[in-house]
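Student: What follows is a predicted structure for the sequence shown.
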Amino acid sequence: MKRILSGILFWAVGTAASATHLQPAVDKLINQVDPNINMGIVVVDLNTGETLYQRNASRAFVPASNMKLFSDAAALMALGPDYRFQSKLSTDATKLEQGVLKGSVYLYLPGDPSLTQANLDSLLSQLARLGVTRIQGNVVLVSNNSGVNAYAPGRMAEDLKYSYGAPVAPVVLDENRLTVTVNPAYRAGQPAFVELNDLNSSLMLNNQVNTSNKTKGCGIDFNMDNENHLTVRGCVGLGQWAVQQRIAIRNPLRYTQDLVRSHLASLNIHLDGAVTLGHSPR
């Protein structure tokens, strides 16, 4: 319906932009669909500055997905088409003796939205290639987004659990989103199978989904708290297709900290200190 309405609107603007009856003509088209539709529109002639059409022009709305166009345009103007994020690893250590790195490691995270666990593992693997088996210091996450609000103004609380409501700060890893897949067990009355695409299982999962004889009346609820404890409740029917949902990681800093520890452990590197959010050494 939204696509049809948008097409009608653009057709009306394109064919009647110079006509004085544009306002009532477009209003009539929209009202035929839904006179109470939740929509705000302003159409301006870029050559003359004249307002050709408006509807709820001064009313505040939560931005919809088409705002990505403006975000992309702003990024291109500010950064340029050839900009590349540079996530990198450094250290303030002055000695590496018998595998012991005597100092802290700094992981620079400039906000690359495509940064994944695989990229993180590639960065940390550089330590293993240098022969590091122990870090006598901290791993410091240096983020360009440490002072940025995690959520845009006006974000509705009920949207925070869904993937499109994922926070953008202080760090971004795996898009700060998680895919959860629920499959029924082989017999009714058994717990369902809940799988995460988190490769290192750094998240705490509380599976409260049962397998039911019938699909009717079943449903799944996904809820993650600020400690990244994920609770999945409800039921799935025996033989039902998998239920899959992308959800937001509520605490991306903790998620990244846990993954750094996990990756270091898999590389047999012992960390004496903590994984912290901080600044680069001066």
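Tutor: Yep, that arrived. Numbering: from 1, shown residues only.
Student: Quick check: residue 148 touching residue 167?
Tutor: No - with contact defined as CB atoms under 8 Å, residue 148 does not count as touching residue 167 (9.6 Å). Just so you know, the C-beta spots here come from the backbone N, C-alpha and C atoms, and that holds for glycine as well.
Student: count of residues packed around residue 218?
Tutor: The tally of other residues near residue 218 (other CB atoms under 10 Å) stands at 18.
Student: about what we covered before: residue 148 and residue 167: which is more packed in?
Tutor: A side-by-side neighbour count of residue 148 and residue 167, using other CB under 10 Å, places residue 167 first with 22 against 13.
Student: Tell me, what's the model's pLDDT at the residue nearest to residue 37 when sequence neighbours are not counted?
Tutor: Closest residue to residue 37 apart from its sequence neighbours, by CB to CB, 6 or more residues apart in numbering: residue 30 at 6.3 Å. Residue-level confidence at residue 30 comes out at 91, pLDDT.
Student: What of the one 10 residues further on?
Tutor: The score at residue 40 is 89. That number is its pLDDT.
Student: Looks like it contacts residue 62 (just checking).
Tutor: No - contact criterion CB under 8 Å: residue 40 and residue 62 do not qualify, at 10.6 Å.
Student: Worst mean pLDDT across the helices and strands of the chain, which element?
Tutor: Of all helical and strand segments in the chain, the minimum by mean pLDDT, DSSP states H and E falls on helix 2-16, at a mean of 50.
Student: Go through the helix or strand just after it and flag the buried ones.
Tutor: Using DSSP states H and E, the helix or strand that follows helix 2-16 in sequence is helix 22-33. Buried residues in helix 22-33, counted by 16 or more other CB atoms under 10 Å: 22-23, 26, 30.
Student: next one: stretch 215-231
Tutor: 218, 220, 222, 224, 228, 230.
Student: End to end on stretch 263-281, go ahead and measure it.
Tutor: For stretch 263-281, the first-to-last residue distance is 23 Å (CA to CA, to the nearest Å).
Student: Run through who's touching it.
Tutor: Here stretch 263-281 makes contact (CB atoms under 8 Å, 6 or more residues apart in numbering) with 90, 92, 104, 106, 108, 117, 120-121, 124-125, 127-128, 132-143, 146, 170-171, 200, 253, 256-257, 260-261.
Student: Please state the offset of it from the chain centre?
Tutor: How far stretch 263-281 lies from its chain's middle: 24 Å, per CA atoms, centre = their mean, to the nearest Å.
Student: how about the strands in the stretch 101-250 of the chain?
Tutor: Under the criterion DSSP state E, counting those that start in this stretch, the stretch 101-250 of the chain contains strands at 105-109, 134-135, 139-143, 177-183, 193-196, 204-212, 219-224, 229-237, 243-248.
Student: List the contacts of the closest residue to residue 242 other than its chain neighbours.
Tutor: Nearest residue to residue 242, sequence neighbours excluded (CB to CB, 6+ apart): residue 183, at 4.9 Å. The contact partners of residue 183, taken as CB under 8 Å, 6+ apart, are 192-193, 195, 236, 242-243.
Student: between the residues you listed, which is nearest residue 50?
Tutor: Distance ranking of those against residue 50, using CB to CB, places residue 243 first at 50.8 Å.
Student: Looking at the closest one now. What's its pLDDT?
Tutor: Reported pLDDT for residue 243: 95.
Student: Contacts only, for it.
Tutor: Shown in contact with residue 243 (CB under 8 Å, 6+ apart): 181-183, 220, 236.
Student: With residue 55 instead?
Tutor: Applying CB under 8 Å, 6+ apart to residue 55 gives the contacts 26-27, 30, 39-41.
Student: ok so, going back, PyMOL command to pick out the buried ones of the contacts of residue 183?
Tutor: A single PyMOL command is used to select the members of the contacts of residue 183 judged buried by 16+ other CB under 10 Å:
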select buried, resi 192+193+236+243
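Student: Among the contacts of residue 183, find me the one that's closest to residue 78.
Tutor: Closest to residue 78, out of all of the contacts of residue 183 and judged by CB to CB, is residue 195, at 38.9 Å.
Student: what about the closest one, distance to residue 174?
Tutor: 15 Å (CB to CB, to the nearest Å).
Student: before we move on, what about residue 97?
Tutor: Taken as CB to CB, the span from residue 97 to residue 174 is 35 Å.
Student: For those two, work out which one has more neighbours and name it.
Tutor: Each of residue 97 and residue 174 has its neighbours counted (other CB under 10 Å); residue 174 has more, 23 against 8.
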